[in-house]
Each structure stands twice: as structure tokens, then as C-alpha cells.
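Enquirer: Pasted the sequence and its predicted model underneath.
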Amino acid sequence: MASLWSKISASLPVNEEQFQLQFSDKVESSVVEMLRRSRQQLYSDTTSTSRTLNAQIILDISWERLNTGTWRDVDKEWRRVYSYGCLFKVASLCRGSPSEDEILQAVRTCDMGLLMGAAIMENILQDIVKILQSEVRRSSRGEDECEHMQVKRARTADPHVPSINEELAVPRIKCPSLESFSTNYLLPLKPVILEGIINHWPALNTHPWSIDYLRSVAGCRTVPVEVGSRYTDEDWSQTLLTVNEFIDRYILNKNRISQDGGKGVGYLAQHQLFDQIPELKEDICIPDYCCLGEGDEDHITINAWFGPAGTVSPLHQDPQQNFLAQVVGSKYIRLYSPEDTDKLYPHESQLLHNTSQVEVENPDTQRFPEFAKAPYLECVLQPGDVLFIPVKHWHYVRSLEVSFSVSFWWS
Ligand SMILES: O=C(O)CCC(=O)C(=O)O
């Protein structure tokens with residue numbers, strides 16, 4: 001069988017001459033020189049220490065640039081430099097016969113490049129991480145039965161399931177035609193739950209998103225995780241964890257207190273997951289109804305929301321139409337019309353102006369007296385349900401069990 005290094009080197013240009021390195025003058029010539037040296041080392045027999053050292057210097061210099069000022073102002077050239085640094089580090093780690101630990105380090109390095117860098121060489125880091133992932137084997141089999149038990153327990157960890165008032169329930173409709181959805185819901189901007197439109201997704205059929213499955217396609221991948229009860233809380237933060245670490249710590253609750261001081265729940269809530277892990281994207285499909293929008297598919301943002309029972313997204317509004325599809329577990333959701341914004345007390349700061357200050361299920365009636373007067377709709381979203389949240393409609397979400405939802409933001 002071909003060695004790991006031969007598979008990786010097959011995805012690299014055949015020689016130094018074919019390996020293009022071009023940067024604008026935003027990148028100092030001393031850094032370009034370091035990049036050229038790494039490229040030369042890739043095709044020669046230099047010691048592994050000097051290859052690693054050179055790659056690390058490129059990573060350190062570009063990391064500093066990525067973390068200076070606001071993210072929006074970081075020049076893309078520096079994100080490309082960072083990606084090249086990741087590529088050279090991965091090459092250095094995987095040359096020869098890498099240990100399991102070195103392969104895992106290489107996976108993490110690719111993920112950092114995918115998350116923080118910019119695509120280089122037709123997204124070579126994506127190709128390499130695929131090769132690396134097939135090399136990583138799940139070491140502990142036999143845990144599965146035990147995990148199912150633990151997930152079952154985690155599912156019932158938060159027993160507070162609100163009973164839905166029928167008069168306030170979001171209407172449900174089975175597979176409406178495009179025309180009927182457009183006339184009755186999209187144009188008048190009315191929320192509705194669409195039933196039966198995602199039953200064909202592999203995520204609900206051939207590849208149900210069990211803990212075991214998520215570990216097998218994404219366990220060793222590094223992803224950003226939100227830690228804290230709500231993003232409006234003072235101690236809310238973001239961290240990087242592998243999907244396995246996230247599942248152990250926040251879904252199965254193993255050693256959580258000793259690892260994060262018990263700061264609250266962890267939520268894997270992010271828009272890059274499906275680009276980073278294409279296997280998961282293949283398990284879902286963009287709802288046909290999105291074709292009623294004006295943008296093409298490239299303009300649809302697909303978000304993953306994976307977390308334990310009790311994860312709360314505070315009442316907020318977004319600037320696009322949304323299909324929130326429930327894949328695993330259930331969620332309690334409240335919806336308020338944008339017409340009632342004045343009764344919802346949005347935060348005053350620019351950063352949080354789309355978020356209400358009110359704790360929906362435990363409102364401070366003294367501070368927010370108008371809130372009780374705001375009419376709302378509510379529902380419990382079950383696996384297979386897709387909730388249409390019209391643009392700017394305020395939504396509050398609390399997961400009732402371990403839950404995985406996918407949302408599609410479209411215009
Ligand atoms: O499911 C959640 O926790 C939040 C979903 C959401 O806010 C969205 O899709 O915009």
C-alpha cells in the first residue's frame with residue numbers, strides 16, 4: 001500500500017519550478033524568502049528540524065498579522081501566507097513514517113489553515129486533510145453501547161418541555177408546492193413548519209447523524225465551539241476543539257467541569273462546518289424552496305447547530321430568510337414579528353442591536369413591561385421538520401435534547 005507521504009506528495013506540484021509562490025507587495029520580501037526556502041526544502045533532503053523550524057517561523061509571523069486589528073481588515077495575502085505555512089508544516093510532519101500523534105497534529109494544522117487561512121493551490125489543504133483522515137482510525141471500538149446509554153441520559157437532562165398552546169402554534173404544512181409556499185408564506189412573510197421535505201436527506205436515512213457517525217466522519221477535526229450559556233453572557237467565549245473533544249465534554253459531559261471550569265454549555269454553532277467537512281454536506285440538500293430567492297446557491301449560508309439539551313440562542317433577528325431544519329433531537333422555538341420590535345427591547349450597542357435583552361422564558365417584567373404584550377408563535381421542532389423563519393423575524397431557540405439542526409440563510 002502506498003505510504004502516507006507518497007499520497008500527500010502526489011497532490012503537490014511535481015517539482016519546485018511548478019510550485020508557484022506569488023504575493024503582492026503587502027508581504028515583505030523577507031517573508032517571501034522564508035516561503036521560498038520552505039518550498040526548496042520540500043523537494044530536497046534537508047533535516048526535518050530545519051523544515052519544521054522554517055514552517056513554524058512562517059506560521060508565527062502570519063499568525064501575528066491575522067491577529068492584529070479587526071478580522072475584516074486582515075489582508076487576504078496574509079491569510080494565504082498562513083495557509084502556505086500550514087502546508088509546509090503538514091509536509092514536514094508527514095514526511096517519513098509519521099506517528100499517530102504527528103498525523104493528528106497534521107490534521108489540526110490543515111484545519112487551522114482551512115479556518116484561518118485563504119484557499120491556496122485549488123484548496124490543497126482540503127485534499128490533504130481527506131488523505132490524512134482516511135489514515136486516522138478510531139482507536140477505541142466497543143465504546144458504542146456505552147455511548148448510546150450516555151446520550152440517552154444526556155437527552156433527558158433537561159426535562160422542561162413546554163406545552164404548546166394550540167392557538168399560538170406555528171402552522172404545519174406537508175410538502176407544499178413552490179407556488180403555494182410562495183403565495184401563502186414567503187410573500188406575506190408568515191412562519192410555517194414544512195413537513196416531509198427533508199425525509200430523503202442521508203442525514204435522516206442512510207447516514208443518520210448519530211454520535212458514532214459524527215465521530216467517524218469528523219471526530220479528529222478541529223472546529224470553533226461557543227462556550228457559555230448564551231452569547232450575550234459576560235463569560236461567553238469561543239474556543240477550538242476537535243469534534244471528539246466537543247462530544248466528550250459537552251454532549252456526554254465527560255470531565256467537563258475540570259476542563260472548562262463548568263462555564264456552561266458548549267455549542268458547535270458555525271457556518272464553516274459544511275465547507276470544512278464535505279462528508280457532512282453530502283448528507284444534506286438545499287431545500288428547493290430556496291430557488292424562490294434572488295441569489296444563486298453560492299449565496300446561501302449553511303449553518304450547523306450541534307449541542308446538548310439546554311442550549312439557548314437568545315431572542316434575535318437575522319437579515320435573511322431562514323429554513324431551520326431539525327435533524328437530531330427537538331427544540332422549543334418562539335417567534336415574534338419585526339412589527340413588535342419595540343416590545344422586545346433590543347440591546348442598544350451596535351454589536352447586539354439584533355438581540356433582545358429579555359430572557360424569553362424568564363422575563364424581568366419590571367425592566368421589560370411591554371414584553372408580555374408582544375404576540376408570538378411557538379413550536380417544538382422535531383426531526384424532519386423545517387421551520388421557515390421569515391427575514392427579520394425574531395427567534396428564540398432552546399434545545400430540549402441533544403440536538404443537531406441545519407439552517408439555510410437565503411435571500
Ligand atoms: O438553533 C439555534 O440555536 C439557533 C438557530 C438560529 O438562530 C438561526 O438559524 O438563525
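Expert: Nice, thanks for sending it over. If you're wondering where the values come from, they're calculated on a predicted model, not measured in any experiment. Numbering: from 1, shown residues only.
Enquirer: Now do the contacts for H316.
Expert: With contact taken as CB atoms under 8 Å, 6 or more residues apart in numbering, H316 is in contact with N354, T355, S356, W394, H395, Y396. In short, each C-beta sits where N, CA and C put it, glycine included.
Enquirer: which phi and psi does the nearest residue to the fourth one once chain neighbours are set aside have?
Expert: In space, not counting the residues next to it along the chain, W394 is nearest to Y336; the distance is 4.0 Å by CB to CB, 6 or more residues apart in numbering. The phi and psi values for Y336, taken as degrees, to the nearest 10, are phi -130, psi 140.
Enquirer: Counting neighbours, what do you get for Y336?
Expert: By other CB atoms under 10 Å, 22 other residues sit near Y336.
Enquirer: for W410, same thing?
Expert: Neighbours of W410 (other CB under 10 Å): 23.
Enquirer: Assess the claim that it and G295 are in contact.
Expert: Yes: at 6.6 Å, W410 and G295 qualify as touching, with contact defined as CB atoms under 8 Å.
Enquirer: shared neighbours, those two?
Expert: Applying CB under 8 Å, 6+ apart, one finds that no residue jointly contacts W410 and G295.
Enquirer: returning to what we had before: would you check how far apart the residue nearest to W394 and L377 are?
Expert: 8 Å (CB to CB, to the nearest Å).
Enquirer: do E135 as well
Expert: E135 is 49 Å from L377, by CB to CB.
Enquirer: Compare the two (neighbour count), which wins?
Expert: L377 (20 against 17).
Enquirer: Report the beta-bridge partners for that one.
Expert: Assessed by DSSP bridges, L377 has beta-bridge partners L335.
Enquirer: Thought L387 was touching it, still the case?
Expert: No: here L377 lies out of contact with L387, judged by CB under 8 Å, at a distance of 10.1 Å.
Enquirer: Kindly confirm my reading that P224 is in a helix.
Expert: No: under DSSP: H, G, I helix; E, B strand; the rest coil, P224 sits outside any helix and is assigned strand.
Enquirer: Contact partners for it?
Expert: Counting by CB under 8 Å, 6+ apart, P224 touches L115, Q238, T239, L240, Q270, Q272.
Enquirer: rerun that using 10 Å as the cut-off
Expert: With contact set as CB atoms under 10 Å, 6 or more residues apart in numbering, P224 has these partners: D111, L115, Q238, T239, L240, L241, L268, A269, Q270, Q272, L273, Q276.
Enquirer: which residues are in contact with the helix or strand hosting the fifth one?
Expert: Think L240. Applying DSSP states H and E as the criterion places L240 in strand 237-242. Residues outside strand 237-242 that contact it (CB under 10 Å, 6+ apart) are 104, 107-108, 111-112, 115-116, 215, 218-228, 231, 245-250, 259-260, 263, 266-270.
Enquirer: change it to 8 Å
Expert: With CB under 8 Å, 6+ apart as the test, strand 237-242 has contacts from 108, 115, 219-228, 249, 263, 266.
Enquirer: Equivalent analysis for stretch 176-193, please.
Expert: With CB under 8 Å, 6+ apart, stretch 176-193 has contacts from 170-173, 194, 288-289, 291-292, 321, 335, 377, 379, 381, 385-391, 393.
Enquirer: May I see the ChimeraX selection of the buried members of the contacts of H316?
Expert: To isolate the buried members of the contacts of H316 in ChimeraX, using 16 or more other CB atoms under 10 Å:
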select :355,356,394,395,396
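Enquirer: what comes into contact with stretch 64-79?
Expert: Against stretch 64-79 from outside (CB under 8 Å, 6+ apart): F23, S24, K26, V27, S62, V81, Y82, M116, G117, A118.
Enquirer: State the distance spanning the first to the last residue of that stretch.
Expert: End-to-end distance of stretch 64-79: 11 Å, with CA to CA, to the nearest Å as the criterion.
Enquirer: what is the rounded mean pLDDT of that stretch?
Expert: Stretch 64-79 carries an average pLDDT of 96.
Enquirer: in it, what counts as buried?
Expert: R65, L66, V74, E77, W78, R79.
Enquirer: likewise stretch 19-29?
Expert: For stretch 19-29, burial by neighbour count (16+ other CB under 10 Å) applies to F23, V27.
Enquirer: likewise stretch 171-187?
Expert: Judged by neighbour count using 16+ other CB under 10 Å, the buried positions of stretch 171-187 are I173, P176, F181, Y185, L186.
Enquirer: What does the fourth one show for phi and psi?
Expert: Comment: the main-chain dihedrals of Y185 come out as phi -130, psi -50, following degrees, to the nearest 10.
Enquirer: Which parts of the stretch 301-411 of the chain are helices?
Expert: With DSSP state H, counting those that start in this stretch, there are no helices along the stretch 301-411 of the chain.
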